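Q: here's my sequence, what's the structure:
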Amino acid sequence: MRSGRVVLSSLTLASAVTLAQARQPAASTLAVAGAKATITYLEARPVIEALHDVLPSDLASKTPPQLESLWSAWVSRRNGEIRARLERGDEDSVVNFWLYGTTFTKLPRATERDLSALADQANPADIVQRRLEDLIAALAVPGGDERLRFARQVVERHGLDPSTSAGREGLRRYLIDARRRIVGEFQAYDRTVQSALKSDPNAGVTAYATIFRDRGLSADTSLLPDYGIERALEAIRSQGTLGAGSVRRIGIVGPGLDFTNKADGYDFYPQQTIQPFAVIDSLVRHGLAKPDDVRVTTFDLSPRINEHLEAAHQRARLGAPYVVQLPMNKDEPWASDLVTYWRRFGDRIGGGTKAAPPPAGAGNVGVRAVRVRPQFVLATTPLDLNIVLERLDLPGDERFDLIVATNILVYYDLFEQALALANVSRMLRPGGVFLANNAAFPTAPMKPSAGYLQVVYSDRQHDHMFWYQHE
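A: Numbering: from 1, shown residues only. Here you go, the predicted structure:
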C-alpha cells in the first residue's frame, strides 16, 4: 500500500503548479464590485504574531524584517501550491466516479451499504474490479458524456491513453494506486481523530478542524451542508444576529460542483452546483433577504466550477432556468427535518420540474428536481479567488452581509485558516456574519464566536455549524 506521503504520479510539484496556473481562467467576464487583492504583510502581521508557534517551516524563525521582505514571494509560491492541489482533488473525484457511478456500468455501486447487502451473492472485491474494467472501457470511448470526458482529461494529464492497450494497463495501475492512497489517507484521518478523543472526549470538533490540510482540493458537493446552512440561518434570525431583510450581498467560498454526489455517488443527471441557490432559498424563507434584492458572489479556485457558473449565467440571460436535481437515498435513516428540507427545497426561488430517472443500478433513490428562476442565476457571479491569500477590495457599501464557507477551511492548517478569516473579515460589513461548518479562530474586528449549532443528518452523520460576526 502506498504510504501517506502524497505522490503526484508523473507530475512533479513544479509541473503541477504550472498546470494549475495554466488552468486558471481569465478574469470573469461578469461584473463584480471591487478589485481582487492579495493579502499584504501588514495585513497578515496580526495573524503571524498570534500564531508564531505554528508558522510554516519556511516562515518560522524569521525576524519581522525578514518576513516582510520575503512575504510577497511566499504568497505567490503558496498560491501556486494550493492551486496545484486541485489536481489531486480531481483524481479523488475520478476514483469516486469509479466506485459509485451508475451511467457507465450495470454493476452495483461500491458503497459500504450496497456491498454489505450483496455479501452473500457476490465478492465485493470482484465488483470493485469489474467496475474498474467498465470505467476503463467507457473512458476509451467517452462520447458526449461530460463526466467521462472530464475523467479522461484527468488521466491524460498523467500520460495515460485509454484507447491503447498500454494506456489501459497504466490506467488500471494508476486508479488502483489512487484508491489505495485515498483509503490510506482516511485511515490516517481516523487515527488522528481517535487519538485526540482518547486524550479528550470533547476534542472531536478541534481534531476535525484541519484534518484535510494535506488532501487534494475536491470540488464534489452534496445537499447536506446546505441543510446545515438552513438550520444555522434559522438560528441566526431567531437570535437577532441578522435582521429581517438585512442580507443583500452574499459571498460563497467554494460553492462546489456535484460531479459524483459526495453522499451517495449519483451521476445520472448533469453536473450541477447547489449551494448558491440553496443559500438564497434559505435566506428568503427565513425573511433575512428579499428575493428581488439579493446578489451572490462565489469564490473558487476551480476553473470547472467557475466556467460552469458562467455558462449558467449566459443561458439565464437568454431566459433559461437552472435545473437542480436532488437525489435522496431512501435506505438511509435521514433526520425527519432533513427530509422536510429536501421536499421544500427551492420553493422560494423556483418550482418543481421533471426529475432525471435513476437507472436500476442507482438503488433505492428518490429524486426531486427544481427549476431555479433565471433571476437568481443572474444574481450569482463566479470569481476565481484563493480565499487564503486573496480577497476583494470593496467600498463600505459593497461589503458582504453574509459569507458562507462549508467544507472549505478543513483543507487548511491553522495559519492558513487565520489568513482566510482575515480576508473574510475585510470583505464583511460591520455586523456582517461569517458562517462555516468547522471551528475557526478569527482575530479582531471579527468576534470570536456569535453562535454554534449541531445539525443531525442521520443516525450516522452530523455536522457542526459556527458563525462569527464582524464588530
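
Q: any regions of the chain where pLDDT drops low?
A: Within the chain, the segments meeting pLDDT under 70 span 1-33, 114-121, 201-207, 262-263.

Q: can I see the domain layout of it?
A: In terms of domains, the chain is parsed into 13-24+31-197, 224-469 (source: automatic domain parsing).

Q: nearest to residue 216, of these?
A: domain 13-24+31-197 (2.7 Å; Cβ to Cβ). For glycine as for every other residue, the C-beta is placed from the backbone atoms N, C-alpha and C.

Q: go through the domains of the chain and pick out the most buried.
A: Mean neighbour count (mean count of other Cβ atoms under 10 Å) peaks for domain 224-469 among those, with a mean of 20.

Q: what's the span of that one, first residue to last?
A: 24 Å (Cα to Cα, to the nearest Å).

Q: so which residues of the chain form strands?
A: With DSSP state E, the ranges of strands along the chain come out as 35-38, 249-253, 295-300, 322-329, 350-352, 365-372, 380-384, 390-393, 400-405, 428-436, 451-456, 462-469.

Q: so what are the sheet partners of the shortest one and their directions?
A: Taking DSSP bridges as the criterion, strand 350-352 forms sheet pairs with strand 365-372 (antiparallel).

Q: tell me the angle of the strand it pairs with relative to strand 380-384?
A: Between the axes of strand 365-372 and strand 380-384, defined by axes from the mean of the first three to the mean of the last three Cα atoms, to 10 degrees, the angle is 100 degrees.

Q: using CSV, lay out the strands of the chain together with distance to residue 185.
A: As requested, the strands of the chain are exported to CSV (distance: least, Cβ to Cβ, whole Å):
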stretch, distance to residue 185
strand 35-38, 30
strand 249-253, 23
strand 295-300, 23
strand 322-329, 24
strand 350-352, 38
strand 365-372, 28
strand 380-384, 27
strand 390-393, 27
strand 400-405, 22
strand 428-436, 22
strand 451-456, 25
strand 462-469, 21
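
Q: which among these is found nearest to residue 313?
A: Across the strands of the chain, closest to residue 313 is strand 380-384 (Cβ to Cβ), at 7.0 Å.

Q: so what does that closest one touch, helix or strand wise?
A: Judged by 3 or more Cβ pairs under 8 Å, 6 or more residues apart in numbering; DSSP states H and E, strand 380-384 is in contact with strand 295-300, helix 303-317.

Q: can you lay out those as TSV showing distance to residue 269?
A: Shown next, in TSV, are these (distance: least, Cβ to Cβ, whole Å):
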stretch	distance to residue 269
strand 295-300	21
helix 303-317	14
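
Q: do you know which of those lies nearest residue 408?
A: strand 295-300 (9.4 Å).

Q: neighbouring strands - and their directions - for the closest one?
A: The strands that strand 295-300 pairs with in its sheet are strand 249-253 (parallel), strand 380-384 (parallel) (by DSSP bridges).

Q: centre of the chain to stretch 187-196, how far?
A: From the chain centre to the centre of stretch 187-196 is a distance of 22 Å (Cα atoms, centre = their mean, to the nearest Å).

Q: so residue 105 makes contact with residue 134?
A: Yes - between residue 105 and residue 134 there is a contact at 3.8 Å, judged by Cβ atoms under 8 Å.

Q: ok so, going back, residue 218 is nearest to which of the domains of the chain?
A: With Cβ to Cβ as the yardstick, what comes closest out of the domains of the chain is domain 13-24+31-197 (3.9 Å).

Q: centre of the chain versus the closest one, how much separation?
A: 12 Å.

Q: nearest to residue 61, of the strands of the chain?
A: That would be strand 35-38 among those, by Cβ to Cβ, at 23.9 Å.

Q: strand partners (parallel or antiparallel) of the closest one?
A: Next to strand 35-38 in the sheet, as set by DSSP bridges, lie strand 390-393 (antiparallel).

Q: right, and residue 276 touches residue 252 too?
A: Yes - Residue 276 sits in contact with residue 252 when judged by Cβ under 8 Å, with a separation of 5.7 Å.

Q: and for the two, which residues touch both?
A: Counting by Cβ atoms under 8 Å, 6 or more residues apart in numbering, the shared contacts of residue 276 and residue 252 are 296, 298.

Q: once you drop chain neighbours, what's closest to residue 331?
A: Nearest in space to residue 331, with sequence neighbours left out and distances taken as Cβ to Cβ, 6 or more residues apart in numbering, is residue 364 at 5.0 Å.

Q: spatially nearest residue to residue 377 (excluding sequence neighbours)?
A: Residue 377's closest residue in space is residue 316 (Cβ to Cβ, 6+ apart), at 3.7 Å.

Q: quick revisit: closest to residue 150 out of the strands of the chain?
A: Closest to residue 150 of the strands of the chain, according to Cβ to Cβ: strand 295-300, at 16.0 Å.

Q: then the closest one to PDB, C-alphas only?
A: The C-alpha trace of strand 295-300 is given here as PDB (Å, rounded to 0.1, in the frame of the first residue of the first chain):
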ATOM      1  CA  ARG A 295     -26.600  39.300  -5.000                       C
ATOM      2  CA  VAL A 296     -24.200  36.400  -4.700                       C
ATOM      3  CA  THR A 297     -20.500  36.200  -5.500                       C
ATOM      4  CA  THR A 298     -18.900  32.800  -5.500                       C
ATOM      5  CA  PHE A 299     -15.100  32.400  -4.800                       C
ATOM      6  CA  ASP A 300     -13.400  29.300  -6.100                       C
END
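
Q: what angle do that strand and helix 303-317 make?
A: Going by the same axes, to 10 degrees, strand 295-300 makes 150 degrees with helix 303-317.

Q: mind listing residues that contact strand 295-300?
A: Contacts of strand 295-300 (Cβ under 8 Å, 6+ apart): 32, 219, 248-255, 276, 279-280, 305-306, 309, 379-385, 387, 392, 400.

Q: thanks a lot, catch you later.
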